[in-house]
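A.B. asks: Next input, structure requested:
(chains A, B, C and D)
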Protein chains: 2
Amino acid sequence: MRDGEAEDEPVTSTRERLVESAAALLAAGGPAAVTLRDVGHSAGVSHNAPYKHFASKQELLAAVAAAELRRSRDRLVRVRRGRPAVQAVRLILHGYVRQAHEHPELFRLVYGPWRTDSPELAEAADAARSALVDTVTAAQSDGDLPPGDPDRLAALLLALAHGAAELALAGHLARDGKGHADPADLIDDLFAQLTGPPVPTPETSPR
Amino acid sequence: MRDGEAEDEPVTSTRERLVESAAALLAAGGPAAVTLRDVGHSAGVSHNAPYKHFASKQELLAAVAAAELRRSRDRLVRVRRGRPAVQAVRLILHGYVRQAHEHPELFRLVYGPWRTDSPELAEAADAARSALVDTVTAAQSDGDLPPGDPDRLAALLLALAHGAAELALAGHLARDGKGHADPADLIDDLFAQLTGPPVPTPETSPR
DNA sequence: ACCTGAACACCGTTCAAGT
DNA sequence: ACCTGAACACCGTTCAAGT
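C.D. replies: Okay, here's the model as predicted:
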């Protein structure tokens, strides 16, 4: 899409450095720590140079989110190769909650409420989502997931992963010793329900 | 308003008015619109009178969230009466996503990320959660939900409802006509999985 | 005990220039 | 085409008083 730029440009552009600085500040101190003054200074420019590349702070954060969504989609496509689709789906969902745990601020930025509508962001989100839907469809064809609208089944899986990750981040998932279930456990619980009851039929034919 | 000199009258205190003002501003314009200046002015006091009742803006918002959680728990207890527990659980979860749809800003405040740890908030959240767990436990006793750790099953249900509500708010649930599933549909899908496959054995009905 | 008005240290954004 | 420095309009928070 960027065929207007020469590809042999090893120098990171100011724009790229701004996005990286914003991501670093976000990870370190949450959204409150992402001030345009610090972003600019950390990228080696003045406090309002960002406005030459982004219309507002929101647009800069949208670029951070879009970059993460593109990386996410790449991971998704990579995990798909060399294993059954149903296993790929499970790994994808586990990766989703792991990402939330390891990079909570970035996770909240990407999957949290968006008050802007950046086309770049919408496009990246759609690409990531459709990659999941494709894998779910393949798992259905293999007979490893129940039939039905793949969009809807993917939405069910994604909603659970998202909700489990967020409840865990908020500390609403079992604070006491009893009944502690981490997000990965909940995903496995749903998979156990979807792929068959605890005592499935011993037949080998799919479905 | 003040018709007597008794200390404890049902007259709305300044503190209560501050909480109500904050809730109204939040609903109208999101968290950015909740400025302490507007909260104070809207409650008929100065711009920093809130500091005489709350240590910070976060604490004021925590009081707004706690009040909503208490109302939520009351609704939960009320819906429990006069119907089978499994139906109550379904209504509770549907109410959860409906609340997210009708009062998105309040929903995000209550169930979103908390960087403070107000005891009042934690207590209200625990009370609401345990009311759900109780109902789930009753539904399991009725044989209407699968057995197992009720905390974990409740977490599964709540995670799905939460994730579905948030994805819907973010517009990540089916923008096109095909495969559009609203959060309530996803909840019903999960219930269909949990309460039994489409064609269960008609024998051995418990109760 | 509760409240006010001024003040401080920010932060997003805009503007008039600079190269 | 990209960047700077000053400036503006905020906002959370603190402080010294007022009743």
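
A.B. asks: Now do the phi/psi pair for the residue in chain A positioned nearest to DNA strand D.
C.D. replies: Nearest residue of chain A to DNA strand D: A:Ser46, at 2.8 Å (C-beta to the nearest atom of the strand). From N, CA and C alone the C-beta is placed, and that goes for glycine too. Per-residue torsions, A:Ser46: phi -80, psi 170 (degrees, to the nearest 10).

A.B. asks: repeat for A:His103
C.D. replies: Residue torsions, per degrees, to the nearest 10, at A:His103 are phi -130, psi 70.

A.B. asks: Could you give the number of residues near it?
C.D. replies: Neighbour count for A:His103, taken as other C-beta atoms under 10 Å in any protein chain shown: 16.

A.B. asks: now swap in A:Asp134 and tell me
C.D. replies: By other C-beta under 10 Å, the burial measure for A:Asp134, its neighbour count, is 16.

A.B. asks: give me the low-pLDDT residue ranges for chain A?
C.D. replies: Across chain A, the ranges flagged by pLDDT under 70 are A:1-11, A:174-179, A:197-207.

A.B. asks: picking up where we left off before, how much space between the residue of chain A closest to DNA strand D and chain B?
C.D. replies: 26 Å (C-beta to the nearest C-beta, to the nearest Å).

A.B. asks: How about that residue, nearest residue that isn't a chain neighbour?
C.D. replies: A:Gly40 (5.5 Å; C-beta to C-beta, 6 or more residues apart in numbering or on different chains).

A.B. asks: measure the residue of chain A closest to DNA strand D to A:Ser56 for me?
C.D. replies: Here the criterion is C-beta to C-beta, to the nearest Å. By it, A:Ser46 lies 17 Å from A:Ser56.

A.B. asks: for A:Ala122, same thing?
C.D. replies: 17 Å.

A.B. asks: again with A:Ala168
C.D. replies: 32 Å.

A.B. asks: Looking at those two, which has the bigger crowd around it?
C.D. replies: Using other C-beta under 10 Å as the criterion, A:Ala168 and A:Ser56 rank with A:Ala168 on top: 22 against 12.

A.B. asks: Spit out the contact partners of that one.
C.D. replies: Contacts of A:Ala168 were listed using C-beta atoms under 8 Å, 6 or more residues apart in numbering or on different chains, and they are A:Val97, A:Ala100, A:His101, A:Asp182, A:Pro183.

A.B. asks: What parts of chain A come near DNA strand D?
C.D. replies: Residues of chain A lying close to DNA strand D (C-beta under 7 Å from any atom of the strand) are A:Thr14, A:Gly40, A:Val45, A:Ser46, A:His47, A:Asn48, A:Ala49, A:Lys52, A:His53.

A.B. asks: Is stretch A:37-49 in proximity to DNA strand C?
C.D. replies: Yes. Residues of stretch A:37-49 are located near DNA strand C by C-beta under 7 Å from any atom of the strand, namely A:Arg37, A:Asp38, A:His47, A:Asn48.

A.B. asks: Determine which two of those are furthest apart.
C.D. replies: Using C-beta to C-beta, those reach their maximum pairwise distance at A:Asp38 and A:Asn48, which is 12.4 Å.

A.B. asks: and those two? which has more neighbours close in?
C.D. replies: A:Asp38 (17 against 10).

A.B. asks: in what helix or strand does the more buried one lie?
C.D. replies: Assigned by DSSP states H and E, A:Asp38 falls within helix A:36-42.

A.B. asks: Dump that helix to CSV, keeping only the CA atoms.
C.D. replies: Taking Å, rounded to 0.1, in the frame of the first residue of the first chain, the C-alpha atoms of helix A:36-42 are listed here in CSV:
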residue,chain,number,x,y,z
LEU,A,36,2.3,14.7,23.5
ARG,A,37,5.1,16.6,25.2
ASP,A,38,6.7,13.3,26.4
VAL,A,39,6.0,11.6,23.1
GLY,A,40,7.7,14.4,21.1
HIS,A,41,10.6,14.7,23.5
SER,A,42,11.2,10.9,23.6
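
A.B. asks: Give me the contacts around it.
C.D. replies: Helix A:36-42 is contacted from outside by A:18, A:21-22, A:24-25, A:46-51, A:57, A:60, using C-beta under 8 Å, 6+ apart.

A.B. asks: Convert stretch A:21-31 to CSV, retaining C-alpha atoms only.
C.D. replies: The C-alpha coordinates for stretch A:21-31 follow below in CSV (Å, rounded to 0.1, in the frame of the first residue of the first chain):
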residue,chain,number,x,y,z
SER,A,21,7.5,6.4,21.7
ALA,A,22,3.7,6.6,22.3
ALA,A,23,3.6,2.8,22.7
ALA,A,24,6.5,2.7,25.1
LEU,A,25,5.0,5.5,27.3
LEU,A,26,1.6,3.7,27.2
ALA,A,27,3.1,0.4,28.4
ALA,A,28,5.1,2.1,31.1
GLY,A,29,2.5,4.3,32.6
GLY,A,30,-0.9,3.8,31.1
PRO,A,31,-2.8,6.3,28.9
